[in-house]
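*Asks:* have a look at this fold, sequence not included:
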Ligand SMILES: [Mg+2]
(Lines give C-alpha, C1' and ligand atoms only; values in the text may rest on other atoms or scores of the structure.)
Protein backbone atom coordinates (compact mmCIF):
# COMPACT_ATOMS: atom_id res chain seq x y z
CA UNK A 1 0.00 0.00 0.00
CA UNK A 2 1.47 3.32 -1.05
CA UNK A 3 0.88 5.48 1.94
CA UNK A 4 2.92 8.42 3.05
CA UNK A 5 1.75 10.13 6.13
CA UNK A 6 1.98 13.63 7.44
CA UNK A 7 2.83 12.18 10.79
CA UNK A 8 5.76 10.30 9.38
CA UNK A 9 7.63 13.50 8.87
CA UNK A 10 7.67 14.99 12.26
CA UNK A 11 8.40 12.29 14.75
CA UNK A 12 10.93 12.25 17.48
CA UNK A 13 13.79 14.45 18.47
CA UNK A 14 16.10 12.57 16.15
CA UNK A 15 14.01 13.60 13.19
CA UNK A 16 13.79 17.16 14.53
CA UNK A 17 17.54 17.25 14.60
CA UNK A 18 17.68 15.84 11.10
CA UNK A 19 15.29 18.47 9.82
CA UNK A 20 17.19 21.26 11.52
CA UNK A 21 20.31 19.86 9.93
CA UNK A 22 18.59 20.18 6.57
CA UNK A 23 17.84 23.84 7.08
CA UNK A 24 14.29 23.82 8.48
CA UNK A 25 14.26 26.07 11.55
CA UNK A 26 13.55 24.38 14.88
CA UNK A 27 10.51 26.56 15.51
CA UNK A 28 8.91 25.48 12.24
CA UNK A 29 9.68 21.83 12.92
CA UNK A 30 8.06 22.12 16.34
CA UNK A 31 4.99 23.70 14.75
CA UNK A 32 4.68 20.76 12.41
CA UNK A 33 5.04 18.24 15.21
CA UNK A 34 2.18 20.05 16.94
CA UNK A 35 0.30 19.97 13.67
CA UNK A 36 0.66 16.22 13.40
CA UNK A 37 -0.61 15.67 16.92
CA UNK A 38 -3.53 18.01 16.15
CA UNK A 39 -4.36 16.17 12.92
CA UNK A 40 -4.40 12.85 14.77
CA UNK A 41 -6.45 14.34 17.59
CA UNK A 42 -9.00 15.68 15.09
CA UNK A 43 -9.17 12.47 13.07
CA UNK A 44 -9.37 9.92 15.87
CA UNK A 45 -10.31 11.62 19.14
CA UNK A 46 -12.69 14.42 18.17
CA UNK A 47 -16.45 14.13 18.27
CA UNK A 48 -16.49 16.36 15.20
CA UNK A 49 -14.99 13.73 12.90
CA UNK A 50 -17.19 11.03 14.41
CA UNK A 51 -20.22 13.25 13.72
CA UNK A 52 -18.99 13.85 10.16
CA UNK A 53 -18.62 10.11 9.65
CA UNK A 54 -22.14 9.43 10.92
CA UNK A 55 -23.52 12.35 8.93
CA UNK A 56 -21.87 11.13 5.74
CA UNK A 57 -22.97 7.53 6.12
CA UNK A 58 -26.49 8.50 7.25
CA UNK A 59 -26.93 10.58 4.10
CA UNK A 60 -25.39 7.88 1.92
CA UNK A 61 -27.71 5.27 3.47
CA UNK A 62 -30.79 7.35 2.65
CA UNK A 63 -29.46 7.89 -0.86
CA UNK A 64 -29.01 4.18 -1.62
CA UNK A 65 -32.51 3.48 -0.30
CA UNK A 66 -33.83 6.01 -2.85
CA UNK A 67 -31.68 4.56 -5.60
CA UNK A 68 -32.90 1.03 -4.89
CA UNK A 69 -36.53 2.16 -4.84
CA UNK A 70 -36.27 3.60 -8.35
CA UNK A 71 -33.88 1.07 -9.86
CA UNK A 72 -35.02 -0.38 -13.16
CA UNK A 73 -31.84 -1.66 -14.83
CA UNK A 74 -31.09 -5.34 -15.16
CA UNK A 75 -27.45 -5.30 -14.02
CA UNK A 76 -27.08 -5.71 -10.25
CA UNK A 77 -26.51 -2.53 -8.25
CA UNK A 78 -23.12 -2.19 -6.60
CA UNK A 79 -21.43 0.15 -4.16
CA UNK A 80 -17.66 0.57 -4.20
CA UNK A 81 -15.87 1.54 -1.03
CA UNK A 82 -12.27 2.22 -0.14
CA UNK A 83 -11.16 0.54 3.09
CA UNK A 84 -8.64 2.53 5.13
CA UNK A 85 -10.18 5.45 6.97
CA UNK A 86 -13.37 4.79 4.96
CA UNK A 87 -14.53 1.46 6.42
CA UNK A 88 -11.55 0.57 8.61
CA UNK A 89 -10.22 2.76 11.40
CA UNK A 90 -6.44 2.30 11.62
CA UNK A 91 -5.98 4.08 14.93
CA UNK A 92 -3.39 1.51 16.03
CA UNK A 93 -1.08 2.24 13.13
CA UNK A 94 -1.52 6.00 12.99
CA UNK A 95 -1.55 6.82 16.68
CA UNK A 96 0.68 3.87 17.59
CA UNK A 97 3.53 5.00 15.34
CA UNK A 98 3.22 8.57 16.57
CA UNK A 99 3.29 7.63 20.25
CA UNK A 100 6.26 5.35 19.63
CA UNK A 101 8.05 8.25 17.94
CA UNK A 102 8.49 6.22 14.77
CA UNK A 103 7.92 7.44 11.24
CA UNK A 104 5.64 5.58 8.84
CA UNK A 105 7.23 2.49 7.36
CA UNK A 106 5.62 -0.13 5.15
CA UNK A 107 6.77 -3.05 7.33
CA UNK A 108 5.18 -1.52 10.43
CA UNK A 109 1.98 -0.89 8.44
CA UNK A 110 2.02 -4.50 7.25
CA UNK A 111 2.41 -5.77 10.82
CA UNK A 112 -0.58 -3.65 11.88
CA UNK A 113 -2.75 -5.07 9.07
CA UNK A 114 -1.82 -8.64 10.06
CA UNK A 115 -3.06 -7.98 13.59
CA UNK A 116 -6.62 -7.63 12.15
CA UNK A 117 -7.39 -5.06 14.81
CA UNK A 118 -8.83 -2.22 12.75
CA UNK A 119 -12.24 -1.10 14.04
CA UNK A 120 -15.15 0.09 11.93
CA UNK A 121 -15.56 3.73 10.92
CA UNK A 122 -18.73 5.03 12.62
CA UNK A 123 -21.76 4.62 10.36
CA UNK A 124 -20.04 2.35 7.83
CA UNK A 125 -21.54 -0.83 9.29
CA UNK A 126 -25.12 0.43 9.07
CA UNK A 127 -24.55 1.66 5.51
CA UNK A 128 -23.04 -1.66 4.42
CA UNK A 129 -25.78 -3.62 6.10
CA UNK A 130 -28.40 -1.54 4.31
CA UNK A 131 -26.66 -1.93 0.93
CA UNK A 132 -26.53 -5.67 1.45
CA UNK A 133 -30.18 -5.85 2.51
CA UNK A 134 -31.17 -3.86 -0.57
CA UNK A 135 -29.50 -6.53 -2.69
CA UNK A 136 -26.52 -4.43 -3.69
CA UNK A 137 -23.11 -5.94 -4.32
CA UNK A 138 -20.46 -4.44 -2.06
CA UNK A 139 -16.92 -4.11 -3.43
CA UNK A 140 -14.00 -2.95 -1.31
CA UNK A 141 -11.31 -1.53 -3.59
CA UNK A 142 -8.20 -0.96 -1.50
CA UNK A 143 -4.52 -0.28 -2.08
CA UNK A 144 -3.64 -2.76 0.60
CA UNK A 145 -1.29 -5.37 -0.88
CA UNK A 146 -2.02 -8.91 -2.04
CA UNK A 147 -0.11 -10.23 0.97
CA UNK A 148 -2.59 -8.35 3.16
CA UNK A 149 -5.76 -9.62 1.48
CA UNK A 150 -6.44 -12.57 3.81
CA UNK A 151 -5.89 -10.55 6.98
CA UNK A 152 -8.08 -7.79 5.58
CA UNK A 153 -10.90 -10.21 4.85
CA UNK A 154 -10.56 -11.67 8.36
CA UNK A 155 -10.68 -8.19 9.85
CA UNK A 156 -13.85 -7.36 7.90
CA UNK A 157 -15.40 -10.67 8.98
CA UNK A 158 -14.56 -9.94 12.62
CA UNK A 159 -16.49 -6.69 12.22
CA UNK A 160 -19.45 -8.58 10.75
CA UNK A 161 -19.32 -6.66 7.47
CA UNK A 162 -20.91 -8.10 4.33
CA UNK A 163 -19.16 -9.44 1.23
CA UNK A 164 -15.91 -10.07 3.07
CA UNK A 165 -14.42 -12.45 0.52
CA UNK A 166 -11.83 -12.54 -2.23
CA UNK A 167 -14.33 -11.75 -4.95
CA UNK A 168 -15.27 -8.48 -3.25
CA UNK A 169 -12.06 -7.34 -1.54
CA UNK A 170 -9.99 -6.09 -4.46
CA UNK A 171 -6.47 -5.25 -3.36
CA UNK A 172 -3.64 -3.65 -5.29
CA UNK A 173 -1.87 -5.95 -7.72
CA UNK A 174 0.15 -3.54 -9.84
CA UNK A 175 -1.04 0.06 -10.03
CA UNK A 176 -2.19 2.27 -7.15
CA UNK A 177 -4.74 3.66 -9.57
CA UNK A 178 -8.08 2.04 -8.84
CA UNK A 179 -9.52 2.58 -12.32
CA UNK A 180 -8.81 -0.91 -13.71
CA UNK A 181 -10.46 -2.52 -10.69
CA UNK A 182 -13.45 -0.16 -10.95
CA UNK A 183 -13.76 -1.05 -14.64
CA UNK A 184 -13.71 -4.75 -13.79
CA UNK A 185 -16.55 -4.29 -11.27
CA UNK A 186 -18.52 -2.15 -13.73
CA UNK A 187 -18.48 -4.93 -16.33
CA UNK A 188 -21.06 -7.00 -14.48
CA UNK A 189 -22.55 -4.41 -12.14
CA UNK A 190 -24.05 -0.97 -12.21
CA UNK A 191 -22.00 1.02 -9.68
CA UNK A 192 -24.39 3.43 -8.02
CA UNK A 193 -22.06 4.91 -5.40
CA UNK A 194 -18.39 5.28 -4.47
CA UNK A 195 -17.25 5.96 -0.91
CA UNK A 196 -13.73 7.02 0.04
CA UNK A 197 -11.51 9.35 2.06
CA UNK A 198 -9.25 10.18 -0.88
CA UNK A 199 -10.23 11.75 -4.19
CA UNK A 200 -8.36 8.89 -5.84
CA UNK A 201 -11.17 6.64 -4.64
CA UNK A 202 -13.46 8.20 -7.26
CA UNK A 203 -13.27 7.44 -11.01
CA UNK A 204 -12.73 11.00 -12.21
CA UNK A 205 -9.07 10.92 -13.19
CA UNK A 206 -7.67 12.24 -9.93
CA UNK A 207 -4.76 9.80 -10.00
CA UNK A 208 -1.37 11.46 -9.50
CA UNK A 209 -2.77 14.94 -10.10
CA UNK A 210 -1.42 17.98 -8.27
CA UNK A 211 -3.65 19.91 -5.89
CA UNK A 212 -4.78 22.65 -8.29
CA UNK A 213 -5.78 20.03 -10.86
CA UNK A 214 -7.53 18.00 -8.15
CA UNK A 215 -9.58 21.05 -7.16
CA UNK A 216 -10.44 21.68 -10.80
CA UNK A 217 -11.73 18.11 -11.14
CA UNK A 218 -13.77 18.54 -7.95
CA UNK A 219 -15.30 21.71 -9.43
CA UNK A 220 -16.21 19.84 -12.61
CA UNK A 221 -17.95 17.13 -10.58
CA UNK A 222 -19.76 19.24 -7.99
CA UNK A 223 -23.09 17.49 -8.53
CA UNK A 224 -21.63 14.05 -7.92
CA UNK A 225 -20.42 14.80 -4.40
CA UNK A 226 -23.06 13.73 -1.92
CA UNK A 227 -24.95 11.77 -4.55
CA UNK A 228 -22.57 9.39 -6.34
CA UNK A 229 -19.24 10.28 -4.73
CA UNK A 230 -19.29 10.18 -0.94
CA UNK A 231 -16.19 11.52 0.78
CA UNK A 232 -15.11 11.11 4.38
CA UNK A 233 -12.57 13.22 6.27
CA UNK A 234 -8.96 12.19 6.70
CA UNK A 235 -6.74 14.80 8.28
CA UNK A 236 -3.73 12.58 8.80
CA UNK A 237 -2.69 11.21 5.41
CA UNK A 238 -3.76 11.03 1.79
CA UNK A 239 -3.07 12.22 -1.71
CA UNK A 240 -3.90 15.78 -0.64
CA UNK A 241 -0.52 15.60 1.08
CA UNK A 242 1.29 13.49 -1.52
CA UNK A 243 0.18 15.97 -4.19
CA UNK A 244 1.77 18.80 -2.25
CA UNK A 245 5.22 17.36 -2.85
CA UNK A 246 4.38 16.13 -6.34
CA UNK A 247 4.20 12.44 -5.36
CA UNK A 248 7.99 12.51 -5.22
CA UNK A 249 8.55 10.08 -2.38
CA UNK A 250 12.29 10.44 -2.74
CA UNK A 251 12.18 13.99 -1.43
CA UNK A 252 13.71 14.51 1.99
CA UNK A 253 11.46 15.30 4.92
CA UNK A 254 12.81 18.85 4.96
CA UNK A 255 11.98 19.27 1.26
CA UNK A 256 8.45 18.04 1.87
CA UNK A 257 8.00 20.49 4.72
CA UNK A 258 9.23 23.28 2.49
CA UNK A 259 6.72 22.22 -0.20
CA UNK A 260 3.93 22.41 2.37
CA UNK A 261 5.00 25.87 3.49
CA UNK A 262 5.16 27.00 -0.16
CA UNK A 263 1.71 25.55 -0.87
CA UNK A 264 0.22 27.44 2.09
CA UNK A 265 1.86 30.71 1.03
CA UNK A 266 0.64 30.29 -2.56
CA UNK A 267 -2.90 29.54 -1.41
CA UNK A 268 -2.89 32.46 1.01
CA UNK A 269 -1.72 34.90 -1.67
CA UNK A 270 -4.23 33.60 -4.24
CA UNK A 271 -7.20 33.87 -1.85
CA UNK A 272 -6.15 37.37 -0.84
CA UNK A 273 -6.48 38.46 -4.48
CA UNK A 274 -10.11 37.37 -4.66
CA UNK A 275 -11.54 40.30 -2.72
CA UNK A 276 -10.07 43.73 -3.42
MG1 LIG B 1 -8.52 5.36 2.45
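*Replies:* Arrived safely. Since the structure is predicted, the reported quantities are computational estimates derived from the model, not experimental observations. Numbers count the residues shown, from 1 in each chain.
*Asks:* look through the stretch 101-250 of the chain and state the residue closest to the ion.
*Replies:* residue 197 (4.3 Å; CB to the ion). Bear in mind the C-beta positions are built from the backbone N, C-alpha and C, glycine included.
*Asks:* if I look at that residue, how far off is residue 231?
*Replies:* Remark: distance between residue 197 and residue 231 (CB to CB, to the nearest Å) = 7 Å.
*Asks:* next one: residue 196
*Replies:* Distance from residue 196 to residue 231, counting by CB to CB: 6 Å.
*Asks:* kindly report the residues of the stretch 1-150 of the chain close to the ion.
*Replies:* The stretch 1-150 of the chain has residues 82, 84-86 near the ion, with proximity defined as CB under 5 Å from the ion.
*Asks:* out of the residues you listed, which are inside strands?
*Replies:* Judged by DSSP state E, those include no members of strands.
*Asks:* report the longest helix in the protein, please.
*Replies:* Scanning the chain for the helix with the most residues, using DSSP state H, yields helix 47-69.
*Asks:* got the contact list for it?
*Replies:* Residues external to helix 47-69 that are found in contact with it (CB atoms under 8 Å, 6 or more residues apart in numbering): 42-43, 77, 79, 121-124, 126-127, 130-131, 134-136, 192-193, 195, 226-227, 230-233, 235.
*Asks:* helix, strand, or coil at the closest residue to residue 190 other than its chain neighbours?
*Replies:* Closest residue to residue 190 apart from its sequence neighbours, by CB to CB, 6 or more residues apart in numbering: residue 75 at 4.3 Å. Secondary structure for residue 75, judged by DSSP: H, G, I helix; E, B strand; the rest coil, is coil.
*Asks:* for residue 75, give me its contacts.
*Replies:* Listed by CB under 8 Å, 6+ apart, the contact partners of residue 75 are 188-190.
*Asks:* swap in 10 Å and give it another go.
*Replies:* Applying CB atoms under 10 Å, 6 or more residues apart in numbering to residue 75 gives the contacts 137, 186-191.
*Asks:* just among the residues you listed, which is most surrounded?
*Replies:* residue 137 (21 neighbours; other CB atoms under 10 Å).
*Asks:* residue contacts, it?
*Replies:* Going by CB under 10 Å, 6+ apart, the list of residues near residue 137 reads 75-80, 131, 162-163, 167-168, 185, 188-191.
*Asks:* against residue 103, how distant is it?
*Replies:* Separation of residue 137 from residue 103 (CB to CB): 38 Å.
*Asks:* same question for residue 133.
*Replies:* In terms of CB to CB, residue 133 sits 42 Å off from residue 103.
*Asks:* more neighbours: which of these two?
*Replies:* Taking other CB under 10 Å, residue 133 and residue 103 do not tie; residue 103 has more neighbours (19 against 11).
*Asks:* determine the longest strand present in this protein.
*Replies:* strand 137-145.
*Asks:* now the element after that strand, going C-ward?
*Replies:* Later in the chain than strand 137-145, the nearest helix or strand by DSSP states H and E is helix 149-158.
*Asks:* so what does that next one touch, helix or strand wise?
*Replies:* Helices and strands touching helix 149-158, by 3 or more CB pairs under 10 Å, 6 or more residues apart in numbering; DSSP states H and E, are strand 88-89, helix 106-115, strand 119-120, strand 137-145, strand 169-172.
*Asks:* adding mean pLDDT, write those out as TSV.
*Replies:* TSV is the format used below for the helices and strands packed on helix 149-158 (pLDDT from 0 to 100):
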stretch	mean pLDDT
strand 88-89	98
helix 106-115	96
strand 119-120	98
strand 137-145	98
strand 169-172	98
